[in-house]
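1. model the following, please.
(chains A and B)
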Amino acid sequence: MYQGLLAETVTIVGNGDEEIGAYLARPLGPGPFPGVLVIHHAPGWDEPTKEIARRFAAEGYIAISPNLYHRFGPDLAADDAAAAARAAGWITTEQFLGDAAGAIRFLRGLPVSTGNVGSIGYCSGGRQSFLAACELSVDAAVDCYGAFVVSSSPPELPYRMEPIIDRAPKISCPILGLFGAEDKNPSPDEVAQIDAELTRLGKEHEFHTFENAGHGFFAVDRPMYRVEAAVQGWRLILDFFGRHLR
Amino acid sequence: MCSYIVERAALTGSAKAAGMWTPITTAVVSVDHPFHATLDHALIVDFVDAGRPVSERVALELSVASARELISCMQTALDAFGEG
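-> Below is the predicted model:
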């Protein structure tokens, strides 16, 4: 554990060569350190997301969380940016991948970087971490209860979420999946479908489903928080990144 | 879950927040993780004036049960009033 950290907001080059803000947290010291891309959830680039980045820094990683809602207003409060994103119909997959690729480039360009980078996301970010494993150059990816990997959102909704499991043949790194047995989206049946497809494709992965936990069990500021699952989940994440990024 | 559910309604009226009245033209309605309410999921309604910054919206985050109660209450009131 590193007691001394540096955490700050930086500017990176994201999708379409546009500059966006990102939260960077790293241990003090010469390093070199592996990196972690921390993908914020749909409610926004909020304080709990930045707290996760600082946790990774304390564990010896350079963590970066790009503000995927930067274009709605770089100085907006997190809740206002999320409201703007809702009104706009969220962000595109293309924009996410471009911004995430920019964050990964930024990490690898730091003098204290080992060059190894993992990705992690929760909820909508879990789905996007799965996307990163399919489409980007990452060395390990963690999907925490990402929905709409094998399913679609209801057709009557104006903004459809399409399944992304068809991209799985392009996965180029190990995947850790953490899920709740009481989650309805992704349901245990959907998790089993993803597990089976990754096995069929010969993709290295390990999935864990926690009993007495539903969606969002890592969220310390919400009633859905489940201490046993969250504590064990953090152990699994740090073990996974330790094996694949160090 | 992050449901991505978003609906919208065109509105005619006004809303008041932080001591100021503002016209509202649109309600953006979603059911998702709230930002402030200590709930797993909430009915989230952003009352916005299309010409004004998003930070000036009037926002609601209601538990699903209380949102249903509110909808029922509004429906009852409107039914009692009739067509106007």
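2. which residue ranges form the helices in the chain?
-> Picked chain A for this. A:47-58, A:78-88, A:93-109, A:124-135, A:188-201, A:227-245 (DSSP state H).
3. my question was about chain B
-> Listed in chain order (using DSSP H), the helices of chain B are B:64-81.
4. so, low pLDDT: which residues of it?
-> Scanning chain B for pLDDT under 70 picks out the ranges B:1, B:84.
5. taking the centroid of it, which residue is nearest it?
-> residue B:45 (2.9 Å; CA atoms, centre = their mean).
6. might you report the residue contacts of the residue most central in space within chain A?
-> The centroid of chain A falls nearest to residue A:121 when counting by CA atoms, centre = their mean (1.9 Å). The contact partners of residue A:121, by CB atoms under 8 Å, 6 or more residues apart in numbering or on different chains, come to A:38-41, A:127-129, A:132, A:142-144, A:146. Where C-beta positions appear, they are placed from N, C-alpha and C, glycine not excepted.
7. nearest spatial neighbour of it, chain-adjacent residues omitted?
-> residue A:39 (3.4 Å; CB to CB, 6 or more residues apart in numbering or on different chains).
8. the one you found contacts residue A:97, doesn't it?
-> No. Here residue A:39 does not reach residue A:97: they are 11.2 Å apart, not a contact under CB atoms under 8 Å.
9. which residues do the two both contact?
-> Looking at what touches both residue A:39 and residue A:97 (by CB under 8 Å, 6+ apart), the common residues are residue A:132.
10. of the two, which one has the most company?
-> Neighbour comparison, residue A:39 and residue A:97: the larger count goes to residue A:39, with 29 against 18 (by other CB atoms under 10 Å in any protein chain shown).
11. residues in contact with that one?
-> For residue A:39, the set of contacting residues under the criterion of CB under 8 Å, 6+ apart consists of A:65, A:68, A:100, A:119-122, A:125, A:128-129, A:132.
12. distance check, it against chain B.
-> Noted for residue A:39: a distance of 12 Å to chain B, by CB to the nearest CB, to the nearest Å.
13. before we move on, what's the pLDDT of that residue?
-> Per-residue confidence at residue A:39 stands at 98 (pLDDT).
14. what angle do the helix or strand bottoming out on mean pLDDT in chain A and helix A:47-58 make?
-> For chain A, the helix or strand with the lowest mean confidence is helix A:78-88, at a mean of 94 (criterion: mean pLDDT, DSSP states H and E). Interaxial angle, helix A:78-88 versus helix A:47-58 (axes from the mean of the first three to the mean of the last three CA atoms, to 10 degrees): 120 degrees.
15. close to chain B: what parts of chain A are there?
-> Of all the residues in chain A, those in contact range of chain B (CB under 8 Å from any CB of the partner chain) are A:41-44, A:46, A:72-73, A:76-84, A:86-87, A:89-90, A:123-124, A:145, A:147-148, A:153, A:157-159, A:161, A:183-185, A:214-216, A:221-224.
16. ok, now which ones touch residue 32?
-> All of this is about chain A. Under the criterion of CB under 8 Å, 6+ apart, the contact partners of residue A:32 comprise A:112-114.
17. switch to chain B, that's the one I care about
-> Under the criterion of CB under 8 Å, 6+ apart, the contact partners of residue B:32 comprise A:42-43, A:86, B:2-5, B:41-42, B:44.
18. and if we set it to 7 Å?
-> If a contact means CB atoms under 7 Å, 6 or more residues apart in numbering or on different chains, then residue B:32 has A:42, B:2-3, B:5, B:41, B:44 as its contacts.
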